[in-house]
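In: Structural data only, the sequence is not supplied:
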């Protein structure tokens with residue numbers, strides 16, 4: 001809040017605010033700052049390969065079904081405890097799509113972990129071998 005207050009004083013916007021509006025502005029700024037820090041921590045913890053969002057996915061060449069991606073972007077499948085598997089040939093953008101959906105899930109306050117399938121299967125094999 002102190003940073004937002006100082007920025008408001010430096011920019012000269014404080015003359016336009018009533019005391020109630022100033023308090024509201026400071027509370028909103030603090031909430032935004034905390035949300036952005038939490039989102040940054042979630043994205044770093046997920047260890048995404050790309051920085052992607054559903055809006056960046058190209059739907060022009062019909063490689064990807066736009067309606068399906070938009071349905072997945074609302075992350076309703078997480079609430080329903082469902083899994084998604086993205087398959088396709090090399091270079092189609094599977095990792096990018098997974099990252100975009102993962103970023104959206106982080107924005108909706110879900111914990112996400114991005115792991116490539118070969119690494120995941122190797123970890124499962126090791127866990128099965130040692131009984132963990």
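Out: Alright, I've got the coordinates. Quick caveat, the model's predicted, so the values are computed rather than measured.
In: Which helix or strand lies directly C-terminal to the longest helix along the chain?
Out: Ranked by residue count under DSSP state H, the longest helix found in the chain is helix 19-46. The helix or strand immediately downstream of helix 19-46 is helix 66-73, counting by DSSP states H and E.
In: Identify all contacting residues around that next one.
Out: 54, 57, 59, 84, 97, 100-101, 104 (CB atoms under 8 Å, 6 or more residues apart in numbering). To be clear about C-beta, it is placed using only N, CA and C from the backbone, and glycine gets the same treatment.
In: Give me the below-cutoff pLDDT ranges for the protein.
Out: 13-14 (pLDDT under 70).
In: Residue ranges of each domain in it, please.
Out: 1-46, 48-132 (automatic domain parsing).
In: Show me what the longest helix of the chain packs onto, helices and strands only.
Out: Packing partners of helix 19-46 (3 or more CB pairs under 8 Å, 6 or more residues apart in numbering; DSSP states H and E): helix 2-11, helix 94-107.
In: tell me the residue furthest from the middle of this protein?
Out: The centre of the chain is farthest from one residue, residue 15, which by CA atoms, centre = their mean lies 36.7 Å away.
In: related to what we said a few turns ago, please identify the buried residues of the longest helix of the chain?
Out: Using 16 or more other CB atoms under 10 Å as the test for burial, helix 19-46 gives 22, 25-26, 29, 42-43, 46.
In: For the residues you listed, work out which two are farthest apart.
Out: The most widely separated members of the buried residues of helix 19-46 are 22 and 46, with 36.4 Å between them, by CB to CB.
In: distance of the residue nearest to the spatial centre of the chain from residue 22?
Out: When CA atoms, centre = their mean is applied to the chain, the residue found nearest the centroid is residue 103 (2.2 Å). Distance of residue 103 to residue 22, given as CB to CB, to the nearest Å: 34 Å.
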